[in-house]
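[1] Dropping the sequence and predicted coords here.
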Amino acid sequence: MNQQFVMSVKMNFMKTSIIIGLICLASAAGTTWAKPDKVDGLNVPSGRIPQEIKDNRYPRTYFPGTERVGKDEMRITALGTGMPNQSPSNVATSFLVELGNGESFLFDLGTGTTDRLAGLEADYSKLDKVFASHLHSDHVGDIAALWIAGWLGGRYTPLHVYGPSGSSPELGTKVHIDHIRAAWAWDVTSRAGILPNAGGEIIAHEFDFSKTAVVYNENGVKIMSFPAIHIRDGSVSYRLDWNGLSFVFGGDSFPNRWFVKEAKGADLVVHECFFTPEQWVNISGFPYKQAYWVTSLIHTPPEGFGKLMSMVEPRMAVAYHYWNHRDIEFEIFERVRKTYDGPLTMADDLTIFNVTKDHIEVREVTFNHESWPMGTGKEWDTAPRGEPATGLSSDWLIEGKLEGINPPPTQPID
Ligand SMILES: [Zn+2]
Ligand SMILES: [Zn+2]
């Protein structure tokens, strides 16, 4: 047994002893390990009360669960800003929009992004709407994860996924979601009776990708979809308008006229800003011809992003869809600055924006790497459930149970 291993065993023993000690102290003091409280509609641990921000005096970093969204404010968090090739520091695309009216909207939900939601200590009961820009895995790869884990974590209503049609029905959002539902049948049916029925539903709202049209209009929130140009038919971008504020989310696209028209003068305008072809040759090993095709014919490279934003003139331009690695990010920034000199944020994962009519605050989230599930609310606890799943295991399998191994219940379970 080497020295390092002995140290590690000792440390683990000490940690365990401390935790046991804390539990004993809590019991002795009569403390119970309560469910999280509902405070102002946010699901936060006991004792933590989100504060109202006044006079634009925001803390330097954003700590999850500590700030109330102002009633006239829009808060946008870049959950992921990276690529389909996974990188722990830049997961794939997703932007979370939280409004002062208490509603939340997710724009894309690429691979790895649900981990970010957990670290943000998200209230899953509010995360029931995803707007997909297109069906690449870096934009929709975590939908099944939110559907199931969000259901376990507090959502008691269906998950609604809005997304574009394709050039044929099998390439559209509805078929994509139908296949997710079918693929996870084992999982979902196994939870019958334990979780609220409605939370186990996933509903696709497919719309015509080729039209500029309002695809969501409720409670003063209007979301419009318009076409994007990305490899094949079936990519879109979105514009959300609420309370005189606007957020534009560009899915992957070659620079296009619909984007300039719909994003013109908006408050926060997010658009992809890809690597340069030379960078992509070095990073990926692609031959130059393929690298140019990817970076500059199906995506928008840095100079293109800058030119586009010079035409759009937003209150804040937000660039994403590259890795914020030191050896490339400065060059991307410099190339954007060759063609655009307006307000600019080179978004990283967990860059957060507070947008009001007179102010845009740009910060980073201090993420909770050790977050626990935030717990369910009263509505989740009491939402209708079906009969508990029975008869799902074969008799011979049941006969293999070792009785008397697990302790009996300590509270009534009927
Ligand atoms: Zn992408
Ligand atoms: Zn894409």
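    Ah, there it is. Ligands and ions are numbered 1, 2, ... in the order given.

[2] make it CA atoms for all contacts and neighbour counts henceforth
    Will do.

[3] so residue 262 sits right up against residue 239, yeah?
    Yes - between residue 262 and residue 239 there is a contact at 7.3 Å, judged by CA atoms under 8 Å.

[4] Show me where the stretch 301-414 of the chain has its strands.
    For the stretch 301-414 of the chain, strands defined by DSSP state E, counting those that start in this stretch occupy the ranges 316-320, 344-346, 351-356, 359-364.

[5] Make TSV from these and add mean neighbour count, distance to residue 218 and mean pLDDT to it.
    Listed next are the strands of the stretch 301-414 of the chain as TSV, based on neighbours: other CA atoms under 10 Å; distance: least, CA to CA, whole Å; pLDDT from 0 to 100:
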stretch	mean neighbour count	distance to residue 218	mean pLDDT
strand 316-320	25	26	98
strand 344-346	19	30	98
strand 351-356	22	21	98
strand 359-364	17	25	98
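
[6] Now distance to residue 300 too, for the ones you listed, in TSV please.
    Converted to TSV, the strands of the stretch 301-414 of the chain look like this (distance: least, CA to CA, whole Å):
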stretch	distance to residue 300
strand 316-320	10
strand 344-346	14
strand 351-356	21
strand 359-364	23
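
[7] Go through those and name the closest to residue 201.
    Closest of these to residue 201 is strand 351-356, at 30.3 Å (criterion: CA to CA).

[8] between residue 262 and residue 239, which one's more packed in?
    Neighbours were counted for residue 262 and for residue 239 using other CA atoms under 10 Å; residue 239 has more, 21 against 18.

[9] Disregarding residues adjacent in the polypeptide, which is nearest to the more buried one?
    Counting by CA to CA, 6 or more residues apart in numbering, residue 248 is the residue found nearest to residue 239 once chain neighbours are left out, at 4.3 Å.

[10] Wait, a helix at the one you found?
    No - checked against DSSP: H, G, I helix; E, B strand; the rest coil, residue 248 lies outside a helix; its state is strand.

[11] Show the pLDDT at it.
    On pLDDT, residue 248 comes in at 98.

[12] what residue ranges in the stretch 1-150 of the chain score low on pLDDT?
    Filtered on pLDDT under 70, the stretch 1-150 of the chain yields the residue ranges 1-48.

[13] Please, where are all the helices along it?
    3-28, 113-119, 137-140, 143-152 (DSSP state H, counting those that start in this stretch).

[14] Contacts for the second one next, please.
    Spelled out, that is helix 113-119. 64, 79-80, 91-94, 142, 145-146, 350, 367-373 (CA atoms under 8 Å, 6 or more residues apart in numbering).

[15] Render the CA-only coordinates of that helix in PDB, please.
    Taking C-alpha atoms only, helix 113-119 is exported to PDB below (Å, rounded to 0.1, in the frame of the first residue of the first chain):
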ATOM      1  CA  THR A 113     -25.900  21.700 -21.200                       C
ATOM      2  CA  THR A 114     -28.200  20.000 -18.600                       C
ATOM      3  CA  ASP A 115     -25.100  19.700 -16.300                       C
ATOM      4  CA  ARG A 116     -24.900  23.500 -16.500                       C
ATOM      5  CA  LEU A 117     -28.600  23.800 -15.500                       C
ATOM      6  CA  ALA A 118     -27.900  21.600 -12.400                       C
ATOM      7  CA  GLY A 119     -24.900  23.800 -11.400                       C
END
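
[16] next one: it to chain centre, how far?
    Helix 113-119 sits 7 Å away from the centroid of its parent chain (CA atoms, centre = their mean, to the nearest Å).

[17] Buried residues of that helix, list them for me.
    113-119 (16 or more other CA atoms under 10 Å).

[18] so where do the strands sit in the stretch 101-250 of the chain?
    104-107, 129-131, 159-164, 202-207, 213-218, 221-228, 235-242, 245-249.
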